[in-house]
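Trainee: Requesting a structural model of the entry that follows:
(2 chains)
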Amino acid sequence: MTFTGLVGRVFMLPLRLIINTCVRLRIHPNTLTFIGVLINIAAAWALALGKFVTAGLIMVVANIFDFIDGKVAVELGEVSQFGGFWDSVIDRFSDLSLFIGLIYLYSQLGRTDYVMITALAMMFAIMTSYTRARAESIIKKCKVGFMERPERIVLFMIGAFTNRMAAVMWVILVLSVFTVADRIILTYRELRDARQVAA
Amino acid sequence: MKRAASLPARVLWNAFYWTYERATWQYDLMVIAILAFVWLTPPDWLNDPMASGCGPLGWVLAQLR
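Mentor: As a prediction, the model looks like this:
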């Protein structure tokens, strides 16, 4: 087993308990999704105030809700197309609020350089989701690139807990640029190959 | 590109054009590289607005000087 696989299994144990509790209480998955974004906004507020450890702790709670909503939906038999759509839309709000919190902090500190780095990281993080969503309307699957939402969220938490947010912004920016490029390349290749087969 | 490229070029291309799943050894390597960058790079090198100091890497370099 790989190291990241082991970490995933260890974290799955307490999450299993929370999922079972939500299923027993029959909490609707869309409600869990919405609670997640509200807590993420609180995390963004803490980031804006420069309280990184508090922000990290709030992010942990928020992302438990983000993570379990899909699993609870499956176990309650409440999987729906709207649920998937709602989850994706709310996830973008959560992503954006964290970046905006940091942008506010850096602007308060008069750090235009990091305002720009964070704004660019935010732009490419959103483009990562958009390129996949748009690509999958014309090709079957577009799941390439490293920097997806779970990686971003874990990096945000690492940056917050260890006060290394600047380095984290650089990593998110560079790898999000690569991920968007990967998705454009894959979509171009798939469409070119399909055209060649048709011809 | 893959057939003609040398090993380092292929490694770089595979790191850029990422097609590996989570929980693979390639994913683990990438995670280690990212964590090394985040934790070892001295905040001063990045002009970190919230952290300062030379970090573990800066400390090692200072000891070597």
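
Trainee: wait, residue B:49 sits on residue A:107?
Mentor: No - using Cβ atoms under 8 Å, residue B:49 is not in contact with residue A:107, being 10.4 Å away. All C-beta spots, glycine's among them, are computed from the backbone N, C-alpha and C.

Trainee: Give the residues shared as contacts by these two.
Mentor: In terms of Cβ atoms under 8 Å, 6 or more residues apart in numbering or on different chains, residue B:49 and residue A:107 are not both contacted by any residue.

Trainee: neighbour count winner among the two?
Mentor: Higher neighbour count among residue B:49 and residue A:107: residue B:49, with 20 against 14, using other Cβ atoms under 10 Å in any protein chain shown.

Trainee: Quick check: the more buried one vs chain A, distance?
Mentor: 4 Å (Cβ to the nearest Cβ, to the nearest Å).

Trainee: do residue B:17 as well
Mentor: 5 Å.

Trainee: Now do the residue lying closest to that residue once chain neighbours are set aside against residue A:133, distance only.
Mentor: Computed as Cβ to Cβ, 6 or more residues apart in numbering or on different chains, the closest residue to residue B:17 that is not its neighbour in sequence is residue A:182, at 5.5 Å. Noted for residue A:182: a distance of 15 Å to residue A:133, by Cβ to Cβ, to the nearest Å.

Trainee: Neighbour count for the two, which is higher?
Mentor: Neighbours per residue, other Cβ under 10 Å: of residue A:182 and residue A:133, the larger number sits with residue A:182, 22 against 11.

Trainee: confidence score at residue 64?
Mentor: Unless you meant another one, I'm taking chain A. According to the prediction, residue A:64 has pLDDT 92.

Trainee: hm, I was asking about chain B
Mentor: 81.

Trainee: Quick one: low-confidence residue ranges for chain B.
Mentor: Residues of chain B meeting the criterion pLDDT under 70: B:1-3.

Trainee: which stretch of helix or strand covers the most centrally placed residue in it?
Mentor: Nearest to the geometric centre of chain B sits residue B:33, at 3.5 Å (Cα atoms, centre = their mean). For residue B:33, the element it lies in under DSSP states H and E is helix B:25-40.

Trainee: same deal with residue A:96?
Mentor: Here residue A:96 is assigned to helix A:81-108, by DSSP H and E.

Trainee: Quick check: next helix or strand after that helix?
Mentor: helix A:112-135.

Trainee: Point out the residues in chain B that sit beside chain A.
Mentor: B:16-19, B:22-25, B:27-28, B:30-31, B:34-35, B:37-39, B:41, B:43, B:46-51 (Cβ under 8 Å from any Cβ of the partner chain).

Trainee: Could you give me the ChimeraX selection string for whichever of those are buried?
Mentor: Selection of buried members from those for ChimeraX, criterion 16 or more other Cβ atoms under 10 Å in any protein chain shown:
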select /B:17,18,23,27,28,30,31,34,35,37,38,41,43,46,48,49,50,51
